[in-house]
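>>> Predicted coordinates and the sequence they were generated for:
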Amino acid sequence: MQDPYLTLGVARDATDDNIHQAYLTAIRCCPAEQDPEVFQSIRTAYESIRTKKARLEYALFNTDLPTPADLLERLAKGSQPRRPGLDLFRELLRAGPRLDEK
Amino acid sequence: MQAGKYREAVAAFKEMLRQEQRPEWIEALAEAYAGRARGLADKGMFKEAAVIWRNRAESCDRFLAEPAYIELLFQSGQIESALQLLQEQRQQIEERGYLPRLRLLCAVQVLAGQEALLDLFPADDSLCRDFPAALAALQAYCSGQDAEMEQQLRAIPFRSPFRDFRQILKALSLLGRDASAADSLLGRVDAGSAFHALSITIRVSQAPDPEFLRRYQSMGAAERRFATALKGWSAQQLRLTQELHQLGDRPSADGLLRFLLRNKEILGGEYVREIAMRILVFHPRGVAAYIKSLGQLPRFHRDRIAALRVEEDGLPHEIFNVWYDVCSLLDKSELSQDQENSFIEALILRRMTRQWLRSEPLNPPALAALERALKCDPDDQPSYLELIRLYRREHKLKEARRLLDEALSRYPEDTEVLTEAVETAIAGSAFKKAARFARRALDLDPINPRVRDILLNSHLAHARKQIQQKKIPLARRELEEAANWARTEQAQGRIDLARGILELSGGDREVAHRCFLSGFERTGGGLAGRFQLLMEAGRMGRPMATVVKQARLPTPPRPATREQILALIHALSESADEDEGNLAEALACLDGPLKRAAKLEFSLTEMERLCETWLRLDQQDLRTRYARAALKRWPDTPVFVFHQLDAKQDMFILLSPAERRRLEAAYEGARADGDMRTVHRIAELLDAGSPFMAPDDEPFDPFGFEEGPESLPDEQELEQIIDMLMEISGPPEVEEMKRELGPEAARRLLQEMLQGNFNPGRLDDMLAGLPQPKARKQSRNKVRKDDPDQFDLF
């Protein structure tokens, strides 16, 4: 299972209310009919940390190790896409291709 | 050349041309040079590729200023050389038709800042004409002025050398809003386009992170800088991401732990602590690295981790005991004030009982623990349901009712609780009460199949009671009521069978016969239908064989078919709550066909299911026959060896040494197959036969030196093993020894045990001269209030 805190984008000390709000926001962004798989992962995450007791249970017994993707997501938290500057455009255009389609 | 070995191809063709100047070989040499140059350019060696291209022109008498060569000059930064060549060869370039392609290459370069290239083209050339708009659009994009960018892009016509650049800028402006539209625009940039590198870099930067990291490895420096800027990653983030990528898709526990500990400041200390503790469940040796980086591991967590480790392959009572120790570390005195501690205790108690109760439903310590959990956390509906079911199943109705009353007062409108109330009332023959609860449940949930079934069974049970008391009209009314709740043919069939017996009691044999026939067919006919009639007779206290005779059912085929046996097994699996005496009697009536059917061609899974059914119903003779038949087809299959010999033992026949050896072989076979259920069952069977021996007939051997004294470790190995066992969070037995005897004595004992010298009678001699363990403090197992790490679960 993916880290439910990461899935819902809440801190590890989030309250019931914080988690509920995050859940509502997440399912509004990704309704079941749009992407059932993502919706299900949001739902699973919510169920696993919805209440204080559920969060304690998760902390006491969960032994799932994070996947590299989980850690990457955590690392990416807070980073906002930026627009590269003119200098970076020029550098790339000058250098030409290294990447191919694959 | 077909293998892409262009360097070798160049050498070979040159050698051939030294012997004879054939035109086709010159052509082939030119092709080999071009391939070699492309290969170098793919590796980013543009300068070297340009040299190869010049060699090609000289050796093969080719025109040098081809677009591919000019592109290499651009890419290797030799802009002056390119400019000079283009000026010198302007006419030839035009004559050879290279100008459109070179115009596109120049479009990229002028945007990259090489505006001198514009001088090569007349002022009214599309390159010169559209460049100002393209540059202005780029600058507007970079400074976030999308409206201005749109306006500038509109000035670039469809045939412009900047047309691909226009798509790319549009896509970039869409990235945050409509990723799929952006991707579709980028996908339209042709692979041959001079702007292809830019579009690919943007698309890769938008790929999921693992894919991005894979592609990142083959990027050039400029592409990397551009892509990470677009993603908004800092240099530190990029470093960590690369580090993580090097660990692979499935990092080892050790690799993951070290990564987390190395980067704990960036990932967050609390997060790293939580994940690192999870890793220790699978990687106990990581504890030293954990302590070094994050400080002491609190006792509670150390024992919790050890318990989770035992869960991996421990027996239910071992799991119970190890969690029990964890629970004992909780500060009970704070339970009333501290809700979190109460929850923790309740959660642990429930967890540690789960597996044990599954294999031993009425095991007193587990039941006590589950009841204790309800005291710690009384608002847990599933626990009430579980306990009510457990007590009811074991006919402890007083206990079931006590919990039911508590549950009903807490959840008066919960259909699951009401359903349990119905079942418990039926179990106590309180049919009217059961019907009352059922109606309440159906008021809340009108389509509740379980309650409907229970209600049906309740009316049927009531009808049976009336038939037994010869209250025929009342019984008939009850059966009519039951029919109202019957959802399936099977259920209707059961009512028909009951009605048949009712009509027999009333003396109308013809009506009874019609009812029996209808019920027989509706419950599946064959052995299954016959079994249902036998059971119905048993439930009403009638002699089964007589009722079957009176029913005049069609004669069953001999032998029974595989389908008939499987249908009967299905019927039996639905009769879990039936009276055991009735079940045994009904099966005895079917004994002949069942014995003969052991020879039928069942699949392995079906045979296993059959053996399990006979085990559950304590039909050891049938179990032996079916297991034996299975072993004829699948010799030495561990599960069937177990069934055959366990059935024998259940019939109080001692196992011979040869049979014990067969069991031991089956134990190893099941372990090799990963069939842990059979492993545990065989271990228990062997232990039952010889309580002081392990499965391999060797003395208890906790360290696995099962090959005898010659395999005992040497002194150095011995020290290493002891160090490993003595380390923090080692095996629970060693932890216990350390606690009880002190570390030095524990070490001495381990030495004696590992060398095979341990003798419990000489314990005092062995420990003579060693320091006594410190007396336990009263509060040792309690949680210190001032220990901030004790419950740092969040």
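Received, thanks.
>>> Now for the closest residue to chain A within the stretch 351-500 of chain B: which residues touch it?
Of all residues in the stretch 351-500 of chain B, residue B:351 sits closest to chain A, at 6.3 Å by CB to the nearest CB. C-beta here means a position set from N, CA and C on the backbone, and glycine is covered the same way. Contact analysis of residue B:351 by CB atoms under 8 Å, 6 or more residues apart in numbering or on different chains lists A:60, A:61, B:323.
>>> Does the first one touch residue B:347 like I think?
In other words, residue A:60. Yes - counting by CB atoms under 8 Å, residue B:347 is a contact partner of residue A:60 at 5.9 Å.
>>> Which residue of these two possesses the greater neighbour count?
Just comparing residue A:60 and residue B:347: by other CB atoms under 10 Å in any protein chain shown the higher neighbour count belongs to residue B:347, 22 against 18.
>>> And the more buried one, how close does it get to chain A?
Residue B:347 sits at a distance of 5 Å from chain A (criterion: CB to the nearest CB, to the nearest Å).
>>> Find me the pLDDT at that residue, would you?
Listed pLDDT for residue B:347 reads 93.
>>> Now name the helix or strand holding the nearest residue to it once chain neighbours are set aside.
Nearest-residue entry for residue B:347: residue A:57, 5.2 Å, with adjacent residues in sequence omitted and distances by CB to CB, 6 or more residues apart in numbering or on different chains. Assigned by DSSP states H and E, residue A:57 belongs to helix A:52-61.
>>> Which other helices and strands does that helix contact?
helix A:36-49, helix B:339-359 (3 or more CB pairs under 8 Å, 6 or more residues apart in numbering or on different chains; DSSP states H and E).
>>> Which of these sits closest to residue B:370?
helix B:339-359 (5.0 Å; CB to CB).
>>> Mind listing what's buried along that closest one?
B:341-353, B:355-357 (16 or more other CB atoms under 10 Å in any protein chain shown).
>>> could you pull out the helices for the stretch 201-350 of chain B?
B:209-216, B:221-231, B:235-246, B:253-262, B:264-267, B:269-282, B:287-294, B:299-313, B:316-328, B:339-359 (DSSP state H, counting those that start in this stretch).
>>> What lies in contact with the shortest one?
Translated: helix B:264-267. A:71, A:74, A:75, B:236, B:240, B:260, B:272, B:293, B:294.
>>> Can you report how many residues lie near the closest residue to the fourth one other than its chain neighbours?
For residue B:236, ignoring the flanking residues on the chain, the nearest one in space by CB to CB, 6+ apart is residue B:266 at 6.7 Å. Neighbours of residue B:266 under the rule other CB under 10 Å: 14.
>>> swap in the one 5 residues further on?
By the measure other CB under 10 Å, the count of residues near residue B:271 is 19.
>>> Can you give me the pLDDT of the nearest residue to it once chain neighbours are set aside?
Among residues not flanking residue B:271 along the chain, residue A:12 sits closest, at 6.8 Å (CB to CB, 6+ apart). pLDDT, residue A:12: 87.
>>> Can you say which helix or strand has residue A:87 in it?
Secondary-structure element containing residue A:87, defined by DSSP H and E: helix A:86-95.
>>> what comes up buried for that helix?
Using 16+ other CB under 10 Å as the test for burial, helix A:86-95 gives A:88, A:89, A:90, A:91, A:92, A:93, A:94, A:95.
>>> What angle do helix B:221-231 and that helix make with each other?
140 degrees (axes from the mean of the first three to the mean of the last three CA atoms, to 10 degrees).
>>> Give me the distance between helix A:86-95 and the centre of its chain.
32 Å (CA atoms, centre = their mean, to the nearest Å).
>>> and for that helix, what are the contacting residues?
B:74-75, B:77, B:108-109, B:111-114, B:138-139, B:142, B:197-198, B:201, B:220-223, B:225-226, B:229.
>>> So which residues make contact with stretch B:176-194?
Under CB under 8 Å, 6+ apart, the answer for stretch B:176-194 is A:81, A:101, B:71, B:104-105, B:107-108, B:164, B:167-168, B:170-172, B:174-175, B:195-196, B:198-199, B:202-203, B:206.
>>> So how do I select the buried members of these in ChimeraX?
The buried residues among the contacts of stretch B:176-194 can be selected in ChimeraX (16+ other CB under 10 Å) with this line:
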select /B:71,104,105,107,108,164,167,168,170,171,172,174,175,195,196,198,199,202,203,206
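>>> If you count neighbours, what's buried in stretch B:377-385?
Under the neighbour-count criterion of 16+ other CB under 10 Å, stretch B:377-385 has B:377, B:380, B:383, B:384, B:385 buried.
>>> and the residue of the stretch 51-200 of chain B found nearest chain A, how many neighbours?
Closest contact between the stretch 51-200 of chain B and chain A, by CB to the nearest CB, is at residue B:197 (3.4 Å). Neighbour count for residue B:197, taken as other CB under 10 Å: 24.
>>> okay, now residue B:248: neighbour count?
Neighbour tally, residue B:248, other CB under 10 Å: 10.
>>> One more: residue B:282?
Residues near residue B:282, counting by other CB under 10 Å: 18.
>>> Also residue B:605?
Residue B:605, neighbours per other CB under 10 Å, totals 8.
>>> quick one: which helix or strand includes it?
helix B:604-616.
>>> where does the stretch 201-350 of chain B have low pLDDT?
Low-confidence segments of the stretch 201-350 of chain B, defined by pLDDT under 70: B:209-210, B:331-338.
>>> okay, the helix-or-strand element of chain A with minimal mean pLDDT in CSV with CA atoms only?
Every helix and strand of chain A was ranked by mean pLDDT, DSSP states H and E. The lowest is helix A:68-76, at a mean of 78. Listed next in CSV are the C-alpha coordinates belonging to helix A:68-76 (Å, rounded to 0.1, in the frame of the first residue of the first chain):
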residue,chain,number,x,y,z
PRO,A,68,11.3,4.4,-4.6
ALA,A,69,8.2,6.1,-6.2
ASP,A,70,6.9,6.9,-2.7
LEU,A,71,10.2,8.4,-1.7
LEU,A,72,10.4,10.4,-4.9
GLU,A,73,6.9,11.7,-4.3
ARG,A,74,8.0,12.7,-0.8
LEU,A,75,11.1,14.4,-2.2
ALA,A,76,9.0,16.2,-4.8
